[in-house]
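>>> I need the structure of the sequence given here:
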Amino acid sequence: MNRSLIADRYAKALFKLAEEQKELDRIYNDVNLLLSYCKDADGFTDLLNSPVIKPAQKKQAFHSVLDGKVAKSTINLLDLLIANNREVLLEDINRRFIWLYKNEKGIKEVTVYTVIEFDDKQHEVLNQFLKDQFKAPIELTVKVKPELLGGFILKVDGKMADASMSSKLKQIKKQLLS
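Model prediction:
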């Protein structure tokens, strides 16, 4: 069976459960925590993927680390994944759940690539401007890319608008050489 299809089914089941239990925001925070563990915590994915570590040991490790930090439904999901030998899908399930949550809440993911770091005021002004333009909640990320030379690149839900100086210079060069 397709790995992404399986992850999608688990994510949808968790999402539906979270909605029914009126814990959608809490589970969303839990899923973000688990995703950060998958990406940043040394040994976390090794523990998930290890065929040598017994399921009971994995459950015990997760319970000791996560009890009191996450909802019971989140712990139950981990237990279910371990019992079904699907714990390697945790990161995929988390990403899919986050997508479902943002889609449900109408949250737009916006990434701005710019030459300079934004201060808090600039970040706030841009966030409010985007909120007004899209008439939706915004999750704004600003990343510094000095190679842009000036201007910016704006990505909204996977779509990109390039208004950078490096892009404009490449266009001019292409026109001059053709």
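>>> residue ranges for the helices of the protein, please.
3-20, 24-40, 44-49, 55-66, 72-83, 90-105, 120-134, 165-177 (DSSP state H).
>>> what packs against the fourth one?
What it means is helix 55-66. The contact analysis (3 or more Cβ pairs under 8 Å, 6 or more residues apart in numbering; DSSP states H and E) places helix 55-66 against helix 44-49, helix 72-83. Glycine gets a C-beta too; all of them are placed from N, C-alpha and C.
>>> which of these is buried the deepest?
By mean neighbour count, with neighbours taken as mean count of other Cβ atoms under 10 Å, helix 72-83 ranks first of the helices and strands packed on helix 55-66 at a mean of 17.
>>> which other helices and strands contact it?
Against helix 72-83 (3+ Cβ pairs under 8 Å, 6+ apart) you get helix 3-20, helix 24-40, helix 55-66, helix 90-105.
>>> buried set for the last one?
If you call a residue buried by 16 or more other Cβ atoms under 10 Å, then helix 90-105 has these buried ones: 90, 91, 92, 93, 94, 95, 96, 97, 98, 100, 101, 102.
>>> Next one: the fifth one from residue 55, what distance?
The gap separating residue 94 from residue 55 is 20 Å, by Cβ to Cβ, to the nearest Å.
>>> same check, this time on the second one
Remark: distance between residue 91 and residue 55 (Cβ to Cβ) = 18 Å.
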